[in-house]
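**Student:** model the following, please.
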Amino acid sequence: MNNFWENIFRYPRFFISSFTGLIFVLLTPLKSFLKTSKLRFILTLFIVGGILIVYFIIKNMVVI
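**Tutor:** Now for the predicted structure:
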């Protein structure tokens, strides 16, 4: 039974390390966009646009 609880307590550490690895793998291709200024500008526009879209969606969902 002691082995069971030891394994249960390992799951949060496994989840955090797996999630960090996933984020790293997904963001690695974006490094190629940062090499040229034109693509860097486009990537910045997409990030700012995404943040604004999420902001306005949440703002309109909260309004009663």
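**Student:** contacts, neighbours, all on C-alpha from now
**Tutor:** Fine.
**Student:** number of residues surrounding Thr28?
**Tutor:** Residues near Thr28, counting by other CA atoms under 10 Å, number 9.
**Student:** got it, and Phe19?
**Tutor:** 12.
**Student:** what pLDDT is listed against it?
**Tutor:** Listed pLDDT for Phe19 reads 95.
**Student:** can you check Leu30 too?
**Tutor:** At Leu30, pLDDT is 79.
**Student:** over to Tyr11?
**Tutor:** 90.
**Student:** so which helix or strand takes in it?
**Tutor:** helix 2-27 (DSSP states H and E).
**Student:** next structured bit after that helix?
**Tutor:** Assigned by DSSP H and E, the successor of helix 2-27 is helix 37-62.
**Student:** now that next one: buried residues?
**Tutor:** Arg40 (16 or more other CA atoms under 10 Å).
**Student:** gap between that helix and the chain center?
**Tutor:** 14 Å (CA atoms, centre = their mean, to the nearest Å).
**Student:** one more: stretch 34-54?
**Tutor:** 15 Å.
**Student:** repeat that for stretch 22-37.
**Tutor:** On CA atoms, centre = their mean, the centre of stretch 22-37 falls 12 Å from that of its chain.
**Student:** quick one: residues in contact with it.
**Tutor:** With CA atoms under 8 Å, 6 or more residues apart in numbering as the test, stretch 22-37 has contacts from 39-40, 43.
**Student:** now the terminal residues of it, how far apart.
**Tutor:** 27 Å (CA to CA, to the nearest Å).
**Student:** and it, which residues are buried?
**Tutor:** So, applying 16+ other CA under 10 Å, stretch 22-37 has no buried residues.
**Student:** on that earlier part again, kindly reformat the contacts of stretch 22-37 as JSON lines containing pLDDT and distance to Asn3.
**Tutor:** Shown next, in JSON lines, are the contacts of stretch 22-37 (pLDDT from 0 to 100; distance: CA to CA, whole Å):
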{"residue": "Leu39", "pLDDT": "86", "distance to Asn3": "51"}
{"residue": "Arg40", "pLDDT": "86", "distance to Asn3": "50"}
{"residue": "Leu43", "pLDDT": "85", "distance to Asn3": "48"}
